[in-house]
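K.L.:
Whatever this is, show me its structure:
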Amino acid sequence: MSDSLPLVQHWIDGAVSASASGRTAPVFDPALGRQTKSVVLADQAEIDAAVASAAAAFPGWAATSNAKRQQVVFAFRELLNARSRELAEIITSEHGKVVSDAAGEVARGLEVVDLATGFPHLIKGGYSSNVSTGVDVYSIKQPLGVVGIISPFNFPA
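P.N.:
Numbering: from 1, shown residues only. Got it, this is the predicted structure:
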């Protein structure tokens, strides 16, 4: 790897986290056929640190009202929308899609985020009275914890 190429680091606990693994992988621009950057590869300790950071943030997120969570998702949506062209260009440079196809992918991703902005109304739970003699039933929906996501390489947005 050339020292002049950008190195994409991990983002853990709200900050760039230099990797201790010592391992990197090249990122190629398929249209140009050349390496444009490198990405650091995590070791088990870094994965554990990311999960621990998310787990530490979870109680605060779980205690956050649905209205505030919705505001966070709306803010995320606005960031995606404002930077949609830049995101499409990144997808193009890393996956070889034409910009119009990548822009369509970003637009589809925004649709998913739009759906998520409505989740506070979808996660209210429910109440049914007298489902059996003298028995009422209710359900509540609460955050359960940290999840890991591996997005497909062909539709990263």
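
K.L.:
show me the contacts for the closest residue to Ala54 other than its chain neighbours.
P.N.:
In this structure, Ala54 finds its nearest non-sequential neighbour in Val146, 4.3 Å apart by CB to CB, 6 or more residues apart in numbering. C-betas here are computed from N, CA, C, even on glycine. The contact partners of Val146, taken as CB atoms under 8 Å, 6 or more residues apart in numbering, are Val51, Ala54, Ala55, Phe58.

K.L.:
Confirm Val146 sits in a helix?
P.N.:
No: the assignment for Val146, made by DSSP: H, G, I helix; E, B strand; the rest coil, is coil rather than a helix.

K.L.:
Would you check how far apart it and Ala55 are?
P.N.:
5 Å (CB to CB, to the nearest Å).

K.L.:
What helices and strands are in contact with the helix or strand of the chain with the lowest mean pLDDT?
P.N.:
Ranked by mean pLDDT, DSSP states H and E, the weakest helix or strand in the chain is helix 119-122, scoring a mean of 77. Judged by 3 or more CB pairs under 8 Å, 6 or more residues apart in numbering; DSSP states H and E, the packing partners of helix 119-122 are helix 66-82.

K.L.:
re the thing from before, just checking, which helix or strand succeeds the least confident helix or strand of the chain along the chain?
P.N.:
strand 126-132 (DSSP states H and E).

K.L.:
Report the rounded mean pLDDT for that next one.
P.N.:
The average pLDDT within strand 126-132 is 91.

K.L.:
contacts for that strand?
P.N.:
Under CB under 8 Å, 6+ apart, the answer for strand 126-132 is Asp136, Val137, Tyr138, Ser139.

K.L.:
Can you tell me which of these is closest to Arg34?
P.N.:
Set against Arg34, the nearest of the contacts of strand 126-132 by CB to CB is Ser139 (54.4 Å).

K.L.:
Return the subset of the contacts of Val146 lying in helices.
P.N.:
Val51, Ala54, Ala55, Phe58 (DSSP state H).

K.L.:
Only whichever of the contacts of Val146 are buried, select them in PyMOL.
P.N.:
Here is the PyMOL selection string for the buried members of the contacts of Val146, based on 16 or more other CB atoms under 10 Å:
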select buried, resi 54
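
K.L.:
residue contacts, the closest residue to Gly14 other than its chain neighbours?
P.N.:
What sits nearest to Gly14 in space, not counting adjacent residues and going by CB to CB, 6+ apart, is Ser53, at 7.8 Å. Residues near Ser53 by CB under 8 Å, 6+ apart: Ile12, Asp13, Gly14.
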